[in-house]
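>>> quick one: sequence plus predicted model below, questions after.
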Amino acid sequence: MRVSLFSALMSSLMLALSVGCVSNSSPDASGPASGGRRATGGQPSHGDVPDSLTFEMVSDVSAREQVSLRVRAAPPKVYQVRFALPTTGGDPLDAILDGAYGETDGDGIASVQLTAPSRPTMFDVRASIGSSVTTTVAISVKDTGFATLLVQPLYAGFRTITTWVASAYPNKTCADLVGIPPNDGPLQTLPSSSDAAPQLNQVPASTPLAVTLRSGHFVGGCASIEGVPPGPATKPQVVPVTVLDRPIDLGVSPLAVSFGLPATETSWNESLTAAGDDVLHALSGTSIDDVDALLDAMRDASGNSLQTLESARQAESWDDLVRAHWGANATTKLHDLVSGWLTAGRQKFSDSEHLFTGTLTPIQAPAGALGQVGADLTLLSVAGLDGAKSGFVDRAQVSWSAGSDNTVVLGTDLYFIQSELAEALAEAAGLEKSPDAGAAAPLLAQALDCQGIGDLLARAGANDQLAYDACDSACVASLCQSAVAAIWRRGGDATGLSPARLSVTAAGAAHVGDAAEVAGVIGTWIGELHSTRPTRTTGGAFRAAEAVVK
C-alpha cells in the first residue's frame, strides 16, 4: 500500500508540473501534422534547449482562415522547432500546418501557418524543442455561417460594359429565375467597375444559391451552386458566371433618324433635272407661250364671266398689251423665272447634309415579342424641306430587326411625286431672297407684275376703270394671281399620275441602352429610285439617336 500511495503521489506531482507554457515532460511524438518544412538557415542548436518556449496570444479564428502562429524561445538562439497537431487537446479535424519543422531566428522566434478547419472545433497546436521543452496553444474555431463570393463575369459579347452588379438567391437555382438579366436577388452588391469582379459578402454557407450578374439591364447571367463552405472575407471563393446579351427590344426604341447624302452623289441631280423639265413643259398647258398661258388661266379662273373676259381680251388685244408690258423675252418670262428657281433648287438639294430626317415609332407588338417588329416612319424633312410639303408621302411603314451582334436593319418604301419635289425645292430657293412672299405662287405673281397687269387691262377698254363687266383693276390683278397659282399647281402635277418609289435599306451597329433599347445607330443606307426612267441607285450615311417621346 505504501508503494502504491507513493506512486500515486509521484504521478500527481508530474501531472501538475506538466501544466503551463513550459513542460519538462517528453513531447507526444504521435501528434499529426500536415506537410513538412526543413530548417534552411543558421546552425540549429541540437544539443541545447531554451529555458522556455511560449506561443504568442492567438484570438479565435474563423473556419478556413489562415493565421500565422509564432513561438518565442528564451534565451534567444537558433533552435529547431517541431510543430504538431496533437489530438489530446481536441479534434483538429481538417486543420493544416504548412510545415512540421521550423527554426527560430536570432530573436528566438519561429512561425508556422495554420489553415483552420472548415467546421467549428477546439484543438491544440504544439511546439517543441528537443524532447524536454514543449508548449501548446488552444485554438477555438468559430463557424461564422457565412462565406464571401467573388463573382467572375465570363462575357464575350459586343456591348460596352461600365459596371457589374451581383446578387444571390438562397435555396434557389437559375431554373427558378426568368429573364436576361433576372431580377436582383435579396443578397446584392453595390455596382463595381467593369474591370473588377463584384464581391458578395455574408452569403449563407452550405446553402444552394442562384448567383446572378448583370451590367445595367442589357446583359446578364446566372450560375447555380450547391453551396460553399464558410470562410473569412479575406478569402473569397470565385464563382464564374456566363453573361449573355439581352435581346434588343425594338418595341421600346423610338428613334430620330437621318439619311445622309455624299457630296459626289449624282443620281438625284439627274432625276431632279428630268423632273424639272416635266414641270416646265406642264406650265404652258395647251397655250402657245407664257403670255397666252397666263391669259388662258385668267379666263379659266373667271368663273361665269369666262366668255365676257375672252371677248374683251380679243377686242382689246390683251395679249399684245401684256407682251409689251413684260418687254423682252415676254413669251418665256414665266418659264425663265421658274427655270432659275428649279436650278437653284437642285443646288439646294445637293448642298443638303441630310436627304431625310424623321422619327421611327415602334408599332405596338404582342407581349413578349422581341427582335423583328414594325415601326412607323414620319418624315420631318426632305433635303431641308418640310416633309409634308416635299412631294413625299410623309408617313411610311418600316420593317426592322435586330441581330445578336447588335446590328439593326430596316427597310421601307417611300413614295413621292417627282415634279412636286422639284417645285418644292424651287419654291424654297426662290423664297430665300423674298421670304415675305410666303409661297411660290404669290412670289411668281409679284415677279410677273399681276398688279401692273390689273391696271393695264382695266384701262384698255372704253371704260378706263373696268376691264369687263364689273371687273376693275383689283379684280383683274386677283384673276392674275389665281391664274399664276393654277399654272404653278399644273407644274407640280406634271408627274402626278406616275409616282416614284424609293426603296430604302439601312443597317448599322446599335448602341444599346440600359433596358436593351436602341439608343443609337451608326451605319449606311442604300436606295433604289424607281420611276418611269431607268432605276437609279443612291445612298449614304445612316444615323439614329434615341428620340424624346412627348
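Right, received. Where do you want to start?
>>> dihedrals phi and psi, Glu427?
phi -60, psi -50 (degrees, to the nearest 10).
>>> Arg490 now?
Dihedral angles (degrees, to the nearest 10) for Arg490: phi -60, psi -40.
>>> I figured it hits Ser287, correct?
No - the criterion here is C-beta atoms under 8 Å, and Arg490 misses it with Ser287 at 10.6 Å. The C-beta positions use only the backbone N, C-alpha and C, and glycine is treated the same way.
>>> so for these two, which sits in the more crowded spot?
Arg490 (18 against 15; other C-beta atoms under 10 Å).
>>> from Leu149, how far out is that one?
For Arg490, the distance to Leu149 equals 78 Å [C-beta to C-beta, to the nearest Å].
>>> likewise for Val476?
From Val476 to Leu149 the distance is 92 Å (C-beta to C-beta).
>>> quick one: which of the two has more around it?
Taking neighbours as other C-beta under 10 Å, Val476 and Leu149 compare with Val476 leading, 27 against 24.
>>> shouldn't the more buried one be in contact with Gly461?
No - the pair Val476 / Gly461 is not scored as a contact, 11.1 Å apart, by C-beta under 8 Å.
>>> which residues are in contact with both of those two?
Ala467 (C-beta atoms under 8 Å, 6 or more residues apart in numbering).
>>> what segments of the stretch 401-550 of the chain are strands?
407-416, 466-468, 471-472, 500-512, 518-530, 536-546 (DSSP state E, counting those that start in this stretch).
>>> look up how far Glu226 lies from Asp94.
19 Å.
>>> comparing these two, which residue is more hemmed in?
More crowded of Asp94 and Glu226, by other C-beta under 10 Å: Asp94, with 13 against 9.
>>> now do the contacts for that one.
Here Asp94 is in contact with 117-118 (C-beta under 8 Å, 6+ apart).
>>> remind me which helix or strand it belongs to.
Under the criterion of DSSP states H and E, Asp94 resides outside all helices and strands.
>>> for it, give its distance to Ala330.
112 Å.
>>> got it, and Val71?
Using C-beta to C-beta, Val71 is found at 121 Å from Ala330.
>>> what does Leu466 give?
Relative to Ala330, and taking C-beta to C-beta, Leu466 is found at 25 Å.
>>> output the below-cut-off pLDDT ranges for the stretch 251-400 of the chain.
For the stretch 251-400 of the chain, the stretches with pLDDT under 70 are 365-373.
>>> what about 90?
251-253, 261-267, 269-270, 350-353, 363-374 (pLDDT under 90).
>>> what about the strands in it?
255-260, 354-362, 373-382, 385-386, 395-402.
>>> including distance to His325, could these go into a markdown table?
Shown next, in a markdown table, are the strands of the stretch 251-400 of the chain (distance: least, C-beta to C-beta, whole Å):
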| stretch | distance to His325 |
| --- | --- |
| strand 255-260 | 46 |
| strand 354-362 | 42 |
| strand 373-382 | 38 |
| strand 385-386 | 34 |
| strand 395-402 | 45 |
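>>> make JSON lines out of the ones you listed and add mean neighbour count and distance to Val322.
Converted to JSON lines, the strands of the stretch 251-400 of the chain look like this (neighbours: other C-beta atoms under 10 Å; distance: least, C-beta to C-beta, whole Å):
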{"stretch": "strand 255-260", "mean neighbour count": "22", "distance to Val322": "45"}
{"stretch": "strand 354-362", "mean neighbour count": "21", "distance to Val322": "41"}
{"stretch": "strand 373-382", "mean neighbour count": "20", "distance to Val322": "36"}
{"stretch": "strand 385-386", "mean neighbour count": "17", "distance to Val322": "33"}
{"stretch": "strand 395-402", "mean neighbour count": "17", "distance to Val322": "43"}
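>>> surely Ser271 and His530 touch.
No - applying C-beta under 8 Å as the test, Ser271 and His530 come out as separate, 10.7 Å apart.
>>> neighbour count: these two, which is higher?
Legend: neighbour count by other C-beta under 10 Å for Ser271 and His530, higher for Ser271 (22 against 16).
>>> state the distance from that one to Ser194.
49 Å.
>>> can you check Thr207 too?
29 Å.
>>> more neighbours, the two?
Thr207 (16 against 13).
>>> pretty sure that one contacts Tyr169?
No - at 10.2 Å, Thr207 and Tyr169 do not qualify as touching, with contact defined as C-beta under 8 Å.
>>> quick one: low-confidence residue ranges for the stretch 1-150 of the chain.
In the stretch 1-150 of the chain, residues with pLDDT under 90: 1-48, 57-66, 88-89, 116-121, 131, 141-147.
>>> now do the helices in it.
2-17 (DSSP state H, counting those that start in this stretch).
>>> would you map the strands across it?
According to DSSP E, counting those that start in this stretch, the strands that the stretch 1-150 of the chain contains are 52-55, 61-62, 66-74, 80-84, 96-97, 101-103, 109-115, 121-129, 133-142, 146-155.
>>> which residues sit against the third one?
Same thing as strand 66-74. Residues contacting strand 66-74 (C-beta under 8 Å, 6+ apart): 50-56, 58, 61, 79, 81, 83, 104, 107-116, 125, 127, 129, 133, 135, 137, 235.
>>> buried among the residues you listed? Make that a ChimeraX selection.
In ChimeraX, a selection of the buried entries from these looks like this (16 or more other C-beta atoms under 10 Å):
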select :50,53,54,55,58,61,79,81,83,104,108,109,110,111,112,114,115,116,125,127,129,133,135,137
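>>> in the stretch 251-400 of the chain, which spans are helices?
Going by DSSP H, counting those that start in this stretch, the stretch 251-400 of the chain shows helices at 267-283, 290-301, 306-316, 318-326, 333-351.
>>> most packed of the ones you listed?
With neighbours taken as mean count of other C-beta atoms under 10 Å, those reach their highest mean count in helix 290-301, at a mean of 22.
>>> looking at Val71 and Ala330, which is more packed in?
Taking other C-beta under 10 Å, Val71 and Ala330 do not tie; Val71 has more neighbours (26 against 17).
>>> count of residues packed around Tyr101?
Neighbours of Tyr101 (other C-beta under 10 Å): 16.
>>> do you know how far it is from Pro182?
Applying C-beta to C-beta to Tyr101 and Pro182 gives a distance of 52 Å.
>>> repeat that for Gly374.
29 Å.
>>> next one: Thr173
Distance from Thr173 to Pro182, by C-beta to C-beta: 11 Å.
>>> which neighbours do these two share?
In contact with both Thr173 and Pro182: Ala210, using C-beta under 8 Å, 6+ apart.
>>> these two: who's more crowded?
In this view Thr173 and Pro182 are compared by other C-beta under 10 Å, and Pro182 has more residues nearby, 20 against 15.
>>> okay, now the closest residue to the more buried one other than its chain neighbours: neighbour count?
Excluding its sequence neighbours, the residue lying closest to Pro182 (C-beta to C-beta, 6 or more residues apart in numbering) is Thr212, at 5.2 Å. When neighbours are defined as other C-beta under 10 Å, Thr212 has 27 of them.
>>> dump the residue contacts of Thr212.
166-169, 177, 181-182, 184-185, 220-222, 241.
>>> in CSV, list those along with distance to Thr87.
Formatted as CSV, those follow (distance: C-beta to C-beta, whole Å):
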residue, distance to Thr87
Ala166, 41
Ser167, 43
Ala168, 38
Tyr169, 41
Leu177, 46
Pro181, 50
Pro182, 48
Asp184, 47
Gly185, 42
Gly220, 50
Gly221, 46
Cys222, 44
Val241, 42
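>>> now, which of those residues lie within strands?
166-169, 220-222, 241 (DSSP state E).
>>> just the residues you listed now: which is nearest Ala429?
Distance to Ala429 across these (C-beta to C-beta) is lowest for Gly220, with 54.1 Å.
>>> any idea how far the nearest residue to that closest one once chain neighbours are set aside lies from Trp488?
Nearest residue to Gly220 in three dimensions, chain neighbours excluded: Pro181, at 2.0 Å (C-beta to C-beta, 6+ apart). With distances defined as C-beta to C-beta, the gap from Pro181 to Trp488 amounts to 60 Å.
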